[in-house]
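Colleague: Have a look at this fold, sequence not included:
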């Protein structure tokens, strides 16, 4: 546990972050830095509700770690009352600063099969508790990091939420914080393309084969690819052993999308077949559309796969580690609570994954005879060494 906390202090300036968490109460009996650190450490250690964090906060080792002489550091009622008072803008700033530190540790470039290196952002919608939210993730060779989210007023507002998140990210991190933003078929919308380009961002959309019948641009691309023409068409075939498929990619530039007159687009069609046929394996056809026509066909295929990072390495892992799908709170202030809570989850999740990625494989093998740890097993190790952790604060009552 000491190793994890030292890692967070050194690489993410954990204690300074705690001190920057704004105080919202007039006469607090529990310092806000203690509440902030309790949430971060509790979430890191898979406490999956306010009640579980309450029970965690009663452990003598946790009280000693956070410098509390109370019967518990903070109760679930206290957490539920304090979190919605925290300014969401201030918590977003903490998450944004956390992203900058993550980026400084290993860079945020993604290397594509052609050798080209880009900064990739991914937008997608999901549900946290009872609320829909649009999220922004950055994917790189060093891993991935959630940057921000926007809670939506209801279902059907994902595009607006993602526009808001991207605009805020550009305002905070500058035009060059990512080169390309990837999304699913929902983002194949001319207004969204225009707003992305206004923020100097290129778009890439992965679409299913079933969406071909509703888009003229895909019909035009299909006609070209099926014609057998070689003029202006890039064709690539190969084997992807890591994903267990054999693939064929066709790509061409110069296509127009209805309602988007600013520039032409590049379209690629990919077909993948499993190397080892099985009951659940089947061939897949997909489409990729990008406002950046300079990408090679092999890179477009890789970017289409990387788009799934937000699901497989983001939402699913976040739900498993921190129970993000759980309805943590109800009542009039539940929306404010979930926004603050999710931003805290993003901060904690980034540090947990960064620590896991930094573990030396040789040390793991020597200590545990393991090549890689799951996050669940990592938490068990932390729990077994919690009593050895050095206090973060002096006792304060």
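Modeller: Sure, I can see it. From a predicted model like this one, the values you see are computed outputs, not experimental measurements.
Colleague: Show me where the stretch 251-397 of the chain has its helices.
Modeller: 297-306, 309, 316-322, 334-358, 361-368, 375-384 (DSSP state H, counting those that start in this stretch).
Colleague: Which is the succeeding secondary structure element to the first one?
Modeller: Read it as helix 297-306. As assigned by DSSP states H and E, the chain's next helix or strand after helix 297-306 is helix 309.
Colleague: Packing partners of whichever strand or helix holds residue 147?
Modeller: In the assignment (DSSP H and E), residue 147 maps to strand 143-151. Counting contacts by 3 or more CB pairs under 8 Å, 6 or more residues apart in numbering; DSSP states H and E, strand 143-151 packs against helix 88-106, strand 131-140, helix 158-173, helix 334-358. Using the backbone N, CA and C atoms, a C-beta is placed for each residue, glycine as well.
Colleague: Among the helices of the stretch 251-397 of the chain, which comes closest to residue 75?
Modeller: helix 334-358 (15.1 Å; CB to CB).
Colleague: Tell me the gap between that closest one and the middle of its chain.
Modeller: Distance of helix 334-358 from the chain centroid (CA atoms, centre = their mean, to the nearest Å) equals 10 Å.
Colleague: show me the residues around the spatially closest residue to residue 13 that is not a sequence neighbour that make contact.
Modeller: Taking CB to CB, 6 or more residues apart in numbering, and ignoring the residues beside it in sequence, residue 13 has residue 101 as its nearest neighbour in space, at 6.8 Å. For residue 101, the contact set (CB atoms under 8 Å, 6 or more residues apart in numbering) comprises 11, 12, 13.
Colleague: mind checking pLDDT for residue 365?
Modeller: With respect to pLDDT, residue 365 scores 69.
Colleague: whoops, I mixed them up, residue 22
Modeller: 93.
Colleague: so it makes contact with residue 88?
Modeller: No - the criterion here is CB atoms under 8 Å, and residue 22 misses it with residue 88 at 11.0 Å.
Colleague: Nearest to residue 238, out of the helices and strands packed on strand 143-151?
Modeller: Closest among those, using CB to CB: strand 131-140, at 21.9 Å.
Colleague: Output the below-cut-off pLDDT ranges for this structure.
Modeller: Counting by pLDDT under 70, the chain has low-confidence residues at 365, 368, 394-397.
Colleague: Show me which strand runs longest in it.
Modeller: The longest strand of the chain (DSSP state E) is strand 260-274.
Colleague: Quickly run through the sheet partners of it, with directions.
Modeller: strand 245-257 (antiparallel), strand 284-290 (antiparallel) (DSSP bridges).
Colleague: how far is that strand from where the chain is centred?
Modeller: 25 Å.
Colleague: Now do the buried residues in it.
Modeller: Across strand 260-274, burial judged by 16 or more other CB atoms under 10 Å covers 260, 265, 266, 267, 268, 269, 270, 271, 272.
Colleague: How much space separates the third one from residue 125?
Modeller: Between residue 266 and residue 125 the distance is 25 Å, computed by CB to CB, to the nearest Å.
Colleague: again, but for the last one
Modeller: From residue 272 over to residue 125 the distance is 26 Å, taken as CB to CB.
Colleague: Give me the nearest residue to residue 170, chain neighbours excluded.
Modeller: residue 199 (4.7 Å).
Colleague: Ok, residue 48 next?
Modeller: residue 323 (3.5 Å).
Colleague: How about residue 55?
Modeller: residue 47 (7.9 Å).
Colleague: Settle this for me: that neighbour is touching residue 53, isn't it.
Modeller: Yes - here residue 47 reaches residue 53: they are 4.6 Å apart, a contact under CB under 8 Å.
Colleague: Between these two, which is the more surrounded one?
Modeller: Per other CB atoms under 10 Å, whichever of residue 47 and residue 53 has more neighbours is residue 53, with 24 against 21.
Colleague: before we move on, what SS does the more buried one have?
Modeller: helix (DSSP: H, G, I helix; E, B strand; the rest coil).
Colleague: Excluding covalently adjacent residues, which one is nearest to it?
Modeller: Per CB to CB, 6+ apart, closest to residue 53 is residue 42, 4.0 Å.
Colleague: tell me the SS of the one you found?
Modeller: Classified using three-state DSSP, residue 42 is helix.
Colleague: Enumerate every residue touching it.
Modeller: Neighbouring residues of residue 42 by CB under 8 Å, 6+ apart: 52, 53, 56, 57.
Colleague: mind putting those residues in TSV, distance to residue 240 included?
Modeller: Shown next, in TSV, are these (distance: CB to CB, whole Å):
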residue	distance to residue 240
52	41
53	42
56	43
57	47
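Colleague: about what we covered before: overlap in contacts, residue 47 and residue 53.
Modeller: With CB under 8 Å, 6+ apart as the test, residue 47 and residue 53 reach no residue in common.
Colleague: by how many degrees do the strand holding residue 147 and helix 334-358 diverge?
Modeller: Going by axes from the mean of the first three to the mean of the last three CA atoms, to 10 degrees, strand 143-151 is angled at 180 degrees with respect to helix 334-358.
Colleague: Between strand 131-140 and strand 143-151, find me the angle.
Modeller: Comparing the axes of strand 143-151 and strand 131-140 via the same axes, to 10 degrees yields an angle of 150 degrees.
Colleague: what distance separates strand 143-151 from the centre of its chain?
Modeller: Distance, centroid of strand 143-151 to centroid of chain: 4 Å (CA atoms, centre = their mean).
Colleague: May I see the buried residues of it?
Modeller: For strand 143-151, by 16+ other CB under 10 Å, it's 143, 144, 145, 146, 147, 148, 149, 150, 151.
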